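>>> Would you be able to build a 3D model of this:
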Amino acid sequence: MRRLATKLGCRFLLKDEVILGLMLEHYKIDRTAILIFANSSKEEMKYKAIPKGNILFDVLTEHTLNTARKTGLPYFLMSEKEQIGSSFGERFVNAISSIFELDFDKVITIGNDTPQLKSSDIVRASKLLGAKKSVLGPSRDGGFYLMGIHKSQFDAKTFRELPWKTNALAKKITTVIEASKVHVIQFRILLDLDTHADLKRILKGLKDSAEKIFQIIIYLVTPNIKVFFLEHLQFSLKFYRIYFNKGSPFPIIYR
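Below you'll find the model as predicted:
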């Protein structure tokens with residue numbers, strides 16, 4: 001475990017080893033973990049065409065952490081600080097590999113840019129994995145917002161060669177997994193938030209399920225909204241930003 005922590009570029013304390021060991025013992029029957037593969041808001045702003053989106057990405061990460069927490073499953077957050085690799089595919093595959101190295105045998109991967117994802121979706125994915133199925137939640141752009149996979153179906157070399165960041169990804173990864181004679185259960189299609197246009201598309205389904213995110217999107221798509229609304233949002237996020245930027249001695253969050 002210490003070797004893996006060093007590999008991830010994280011400090012690893014004795015108390016963390018004890019806690020992780022106890023947690024793995026608790027989940028020894030299932031051994032399913034959630035991987036939240038999500039960059040910080042500063043990093044996201046480099047790649048996503050959403051002006052002033054840093055506030056949104058902070059809240060999206062907070063929302064995703066809360067969603068994972070509600071499942072009762074152990075979950076790991078890996079931002080650009082923990083990711084290893086020169087391409088997105090390498091970083092993503094290495095992140096999955098690192099979870100399997102921690103003695104989990106099933107991983108559910110999610111990002112932070114799909115606010116319509118619910119904890120019940122993740123719980124359902126966990127149950128399907130327990131029934132020897134694999135799971136894919138396709139996104140509208142041809143990628144996916146959730147993947148549930150067994151260690152036995154995961155070949156790092158094959159996954160690195162997938163057409164990452166293209167609209168062919170979901171179909172190709174389904175083909176790869178089903179080649180191992182495992183049926184892939186397809187979840188409903190959801191929208192990733194990658195552009196300003198995506199914000200307008202997603203508003204209808206967010207008002208009741210993610211009010212804070214809904215309010216921020218309203219601000220971002222409405223140019224004449226009052227300034228005090230943004231100031232209120234920034235104040236409400238102040239504590240979260242301080243906590244998130246401090247980092248963790250190990251990229252695991254547990255109940």
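>>> tell me which residues of stretch 112-125 are tucked away?
Applying a neighbour-count criterion of 16 or more other C-beta atoms under 10 Å, one finds N112, D113, T114, P115, Q116, L117, D121, I122, R124, A125 buried in stretch 112-125. Using the backbone N, CA and C atoms, a C-beta is placed for each residue, glycine as well.
>>> So which residues of the stretch 51-200 of the chain form strands?
Listed in chain order, the strands of the stretch 51-200 of the chain (DSSP state E, counting those that start in this stretch) span 75-78, 106-110, 134-138, 144-150, 184-186.
>>> L169 and F159 touch, don't they?
No - if you go by C-beta atoms under 8 Å, L169 and F159 don't touch, sitting 10.9 Å apart.
>>> how far away is S97 from T175?
When distance is defined by C-beta to C-beta, to the nearest Å, S97 is 21 Å away from T175.
>>> What of G130?
G130 is 23 Å from T175, by C-beta to C-beta.
>>> Switch the strands of the stretch 51-200 of the chain over to JSON lines; also include distance to F92 and mean neighbour count.
Shown next, in JSON lines, are the strands of the stretch 51-200 of the chain (distance: least, C-beta to C-beta, whole Å; neighbours: other C-beta atoms under 10 Å):
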{"stretch": "strand 75-78", "distance to F92": "9", "mean neighbour count": "24"}
{"stretch": "strand 106-110", "distance to F92": "8", "mean neighbour count": "25"}
{"stretch": "strand 134-138", "distance to F92": "14", "mean neighbour count": "23"}
{"stretch": "strand 144-150", "distance to F92": "10", "mean neighbour count": "24"}
{"stretch": "strand 184-186", "distance to F92": "18", "mean neighbour count": "16"}
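>>> And I34, which helix or strand is it part of?
Taking DSSP states H and E as the criterion, I34 maps to strand 32-37.
>>> what helices or strands is the very next helix or strand once past that strand leaning on?
Next helix or strand after strand 32-37 toward the C-terminus (DSSP H and E): helix 41-44. Counting contacts by 3 or more C-beta pairs under 8 Å, 6 or more residues apart in numbering; DSSP states H and E, helix 41-44 packs against helix 54-71.
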